[in-house]
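Colleague: The following block contains a protein sequence and its predicted model.
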Amino acid sequence: MTAYTYILRCSDGSLYTGWTMDLQKRVHDHNHSEKGAKYTKARRPCKLVYYEVFESDDQLEAKRLAMQREWFIKNKYNKMQKENLIKDFVSDIKL
């Protein structure tokens, strides 16, 4: 099983951090669905600028790792630290 922690850049330049089990669907939801986060609905469009992959044979373990990383980025990183994560990131997922 695979889970992801991700960062979106919103249209106002702000950053949104989340986690998901289906990255492509979640980014689509942020931009086109009522299932997107309240924060991103008012700041569309949002672009995927960073993600980390967590794999495990145990779905709950993958989910736990992604959620922990999301918490850490949201609560321990300031915007400059998030920008440093993003600046050298190259995505291999096409959305």
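Modeller: Looks like it came in fine.
Colleague: Residue 52 and residue 2 touch, don't they?
Modeller: No: checked against C-beta atoms under 8 Å, the pair residue 52 and residue 2 is beyond contact range at 10.9 Å. C-betas here are computed from N, CA, C, even on glycine.
Colleague: mind listing what residue 57 touches?
Modeller: Contacts for residue 57 (C-beta atoms under 8 Å, 6 or more residues apart in numbering) come out as residue 1.
Colleague: just checking, residue 67 touches residue 19?
Modeller: Yes: under the criterion of C-beta under 8 Å, residue 67 is in contact with residue 19, at a separation of 5.3 Å.
Colleague: Between the two, which has more neighbouring residues?
Modeller: It is residue 19, of residue 67 and residue 19, that has more neighbours when counted by other C-beta atoms under 10 Å, with 24 against 15.
Colleague: what's the nearest residue to residue 56 if we skip its chain neighbours?
Modeller: residue 62 (4.2 Å; C-beta to C-beta, 6 or more residues apart in numbering).
Colleague: Could you list the buried residues of the host helix or strand of that neighbour?
Modeller: Assigning secondary structure by DSSP states H and E places residue 62 in helix 59-76. Buried residues in helix 59-76, counting neighbours by 16 or more other C-beta atoms under 10 Å, are found at 62, 63, 65, 66, 69, 70, 73.
Colleague: same question, stretch 34-45
Modeller: For stretch 34-45, by 16+ other C-beta under 10 Å, it's 36, 40, 43.
Colleague: Tell me which helix or strand the last one sits in.
Modeller: Looking back up the chat, that one is residue 43. Using DSSP H and E, no helix or strand contains residue 43.
Colleague: How about the second one?
Modeller: Using DSSP H and E, residue 40 sits within helix 38-41.
Colleague: Which SSE is immediately downstream of that helix?
Modeller: Beyond helix 38-41 toward the C-terminal end (DSSP H and E), the next one is strand 47-55.
Colleague: Hey, what's the angle from that next one to helix 59-76? Just curious.
Modeller: Computed with axes from the mean of the first three to the mean of the last three C-alpha atoms, to 10 degrees, the direction of strand 47-55 lies at 130 degrees from that of helix 59-76.
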